[in-house]
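**Student:** Here's a sequence, model it:
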Amino acid sequence: MANKNRVLFLLKYLQQNSDEQHALTTAELRKALSDHGYATSLPTLRDDIQTLIDSGFDISVFEGSGVTTTYSYVDREWTTPELQILIDAVSSSQFLTIERSKELIKRLVDLNGPSEQSILYPSILVSENIKAKNSMVFINVQSIKEGIETNKKIQFQYFNYNLEKKRVHRNDGEVYTLSPYATIWKDDRYYVLGYSDKHEKVVKFRIDRIDLVTVTEEDRVPQPEDFNIRDYTDKIFMMYDGEEVAL
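**Tutor:** Predicted coordinates for the structure are as follows:
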């Protein structure tokens, strides 16, 4: 187990601290391993590096006459432009809180090599006034997805914000029951779409305005046979969610 932990630590350290422009020397790797309780000889380090290479990790080893051997992790799953797009999406997403946006951006930056991390920052900035205040969005999404996957209804409270930016639950804290069909990201808002027991039709709710989501034991109402999520989405977001009539 100790050997496995050492190899895993070595892999993570290479991923976080090296790339094509920033290689690590043998001495640097042995010091990092030693600092974390893994005393490693030179042959052991070479064997561990070879184990990672044999396992499919793209680790570059540079050995030259009279120069120190260096190692770098060069196979990144995400390119810098791809990460930049994701960072901008997270930064501008209004359903994420400021704190959660910062946390996700840091994780995305860490996916890149150390030489490129300094150039990754949000190029799309939005006012803090329009960022979500509901820190439960991720937990809500998880519960909604569970309801969809298990074919169960969900229940929750729904709220608005008053002039003092405080939550005010609709209808004195009424609990809404919904048969969730899908989650939709539209106009930088995140919604759940489903059949409402109260409204007796398919409706949408903003996930960042949902509170206390629970998955019930009751089977959800099946989607109507003629129901098409794409068509419904196009109509509902154009404010055409009334009854269709022939002109």
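**Student:** quick one: contacts of the helix or strand hosting Ser143?
**Tutor:** Per DSSP states H and E: Ser143 is located in helix 137-150. The contact list for helix 137-150 (C-beta atoms under 8 Å, 6 or more residues apart in numbering) reads 95-97, 100, 134, 152-154, 156, 180-183, 190, 192, 207-208, 210, 213-216, 220. For the C-beta atoms, the positions are set from N, CA and C on the backbone; glycine is no exception.
**Student:** Please pull out the lowest mean pLDDT helix or strand from this protein.
**Tutor:** Least confident element among the helices and strands of the chain, by mean pLDDT, DSSP states H and E: helix 114-117 (a mean of 59).
**Student:** Look up how far Thr177 lies from Lys198.
**Tutor:** When C-beta to C-beta, to the nearest Å is the yardstick, Lys198 and Thr177 sit 7 Å from each other.
**Student:** Apologies, that question was intended for Leu193.
**Tutor:** If you measure Leu193 against Thr177 using C-beta to C-beta, the figure is 15 Å.
**Student:** what does Asp219 give?
**Tutor:** Asp219 sits at a distance of 12 Å from Thr177 (criterion: C-beta to C-beta).
**Student:** Looking at these two, which is more packed in?
**Tutor:** With other C-beta atoms under 10 Å as the criterion, Asp219 and Thr177 differ in neighbour count, and Thr177 comes out ahead with 17 against 11.
**Student:** Quick one: list the elements packing against the longest helix anywhere in the chain.
**Tutor:** Looking across the chain with DSSP state H, the single longest helix is helix 2-17. The helices and strands touching helix 2-17, judged by 3 or more C-beta pairs under 8 Å, 6 or more residues apart in numbering; DSSP states H and E, are helix 26-35, helix 42-54, strand 70-73.
**Student:** Could you rerun that using 6 Å?
**Tutor:** Judged by 3 or more C-beta pairs under 6 Å, 6 or more residues apart in numbering; DSSP states H and E, the packing partners of helix 2-17 are helix 42-54.
**Student:** Next, the angle helix 26-35 makes with the helix it packs on.
**Tutor:** Interaxial angle, helix 42-54 versus helix 26-35 (axes from the mean of the first three to the mean of the last three C-alpha atoms, to 10 degrees): 90 degrees.
**Student:** The closest residue to Gln223 other than its chain neighbours and Arg6: what is the separation?
**Tutor:** On the basis of C-beta to C-beta, 6 or more residues apart in numbering, the spatially nearest residue to Gln223 that is not a chain neighbour turns out to be Tyr181, at 5.6 Å. Using C-beta to C-beta, we find Tyr181 at a distance of 48 Å from Arg6.
**Student:** repeat for Ser196
**Tutor:** Ser196 sits 55 Å away from Arg6, taking C-beta to C-beta as the criterion.
**Student:** Kindly report the domain assignment for the protein.
**Tutor:** Using automatic domain parsing, the domains assigned to the chain come out as 2-73, 80-130, 137-236.
**Student:** For those, which has the smallest mean pLDDT value?
**Tutor:** Taking the mean pLDDT of each of those, the lowest value is held by domain 80-130, a mean of 67.
**Student:** which residue packs closest to Arg6, ignoring adjacent ones?
**Tutor:** The shortest distance from Arg6 to any residue other than its chain neighbours is 4.4 Å, reached at Tyr38 (C-beta to C-beta, 6+ apart).
**Student:** Okay, and the one you found sits in which element?
**Tutor:** Secondary-structure assignment from DSSP H and E places Tyr38 in no helical or strand segment.
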